[in-house]
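S.K.: return atomic coordinates for the entry below.
(one chain, ligands or ions: 1)
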Amino acid sequence: MTNSFQDKVAVITGGSSGIGLATAKLFAAEGATVFITGRRQAELDAAVADIGANAVGIQADSSKLQDLDRVYDAVRSQKGRVDVLVANAGILEHATIDQVTEDHFDRLFSVNVKGLVFTVQKALPLMGNGTAIILMSSTAALKGPGRSGIYGGTKAAIRSFARNWIVDLKDRQIRVNVISPGPIETPGFTGAITDPTALAAMLAGRAALVPLGRLGHPDEIARTALFLASDAASFINGADIQVDGGWAQV
Ligand code: NAP
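M.R.: Got it, this is the predicted structure:
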């Protein structure tokens, strides 16, 4: 480790599982103080223990603006600033257009779109010039595998936000970039499938669609986030980095 994020403050929403947890661990290992959020207190406590020193867990639902205010009040009182924001919290649910309900639509848009917008807006007063924002989209925004129209729509919106926000934040030199993961093996990806045979079949089927022949690991997204937040990415702004083993490129 290079400790390149020594004394930096990172906020990672949805940091108690999967991609967010891997990202929080990597930033903490590089010396940052990481504030992580999630709705479930037990998972948050376990993640804080797993990350070790330099981790603070704040129970919060990103789709609730008063929860976001509470998160940033805690960051302000403990550290006074945000150097890196990873707006990662998101949910995946499948439905064909025939199956879409108002609840499905509202759940996905309220967490993945509304939650992300206000996670960023409410962080801005704490973010200085030259800081970095990373938005977690998905290659589902680029492909049409079926049963993912609403989810893919929420992730496509994020691409558009980044294009506009780099202009809105131009005077502050805040870089905003998007990561679009392909299939990454996380609790959110495996979802509700508990039968081991069905799970193995699903994972093998998805891996077979990836040119690299495997699913991605959360660490592979974490390393991309670390790079985008670092000085090595100082001229990368408004980009959408697809980390997908080639899935959405063919
Ligand atoms: P995960 O394992 O289910 O983790 C999701 C995290 O977000 C958890 O910590 C969860 O904690 C939190 N979260 C969910 N809803 C929240 C809310 N309303 N407010 C605050 N926290 C919330 O999922 P993952 O696979 O790591 O996904 C992380 C992000 O990557 C998501 O935005 C997802 O869409 C995106 N992504 C994932 C993949 C993939 O293949 N895994 C591919 C493309 C994009 P609680 O449930 O306790 O709130």
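S.K.: what does this protein put close to the ligand?
M.R.: 13-14, 16-20, 37-40, 43, 60-63, 88-92, 111, 115, 136, 138, 181, 183-184, 186-189 (CB under 6 Å from any ligand atom). C-beta: built from backbone N, CA, C; applies to glycine.
S.K.: need the CA coordinates for stretch 203-210. CSV is fine.
M.R.: C-alpha atoms of stretch 203-210 as CSV (Å, rounded to 0.1, in the frame of the first residue of the first chain):
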residue,chain,number,x,y,z
LEU,A,203,-23.4,-17.6,-12.1
ALA,A,204,-22.0,-19.9,-14.8
GLY,A,205,-24.5,-18.6,-17.3
ARG,A,206,-23.6,-15.0,-16.6
ALA,A,207,-19.9,-15.8,-16.7
ALA,A,208,-20.2,-17.4,-20.1
LEU,A,209,-21.5,-14.1,-21.5
VAL,A,210,-18.3,-12.3,-20.5
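S.K.: what is the distance between that stretch and the centre of its chain?
M.R.: Relative to its chain's centre, stretch 203-210 lies at 22 Å (CA atoms, centre = their mean, to the nearest Å).
S.K.: may I ask which helix or strand of this protein has the lowest mean pLDDT?
M.R.: Least confident element among the helices and strands of the chain, by mean pLDDT, DSSP states H and E: helix 187-190 (a mean of 94).
S.K.: still on that earlier bit, pull out the buried residues from the residues of the chain next to the ligand.
M.R.: 13-14, 16-20, 37-39, 43, 60-63, 88-92, 111, 115, 136, 138, 181, 183-184, 186, 189 (16 or more other CB atoms under 10 Å).
S.K.: show me the contact partners of the least confident helix or strand of the chain.
M.R.: Outside helix 187-190, the residues that touch it by CB atoms under 8 Å, 6 or more residues apart in numbering are 17-19, 90-92, 183, 199, 202-203, 215.
S.K.: how far away from the center of its chain is that helix?
M.R.: On CA atoms, centre = their mean, the centre of helix 187-190 falls 14 Å from that of its chain.
S.K.: and for stretch 39-47?
M.R.: With CA atoms, centre = their mean, you get 17 Å for stretch 39-47.
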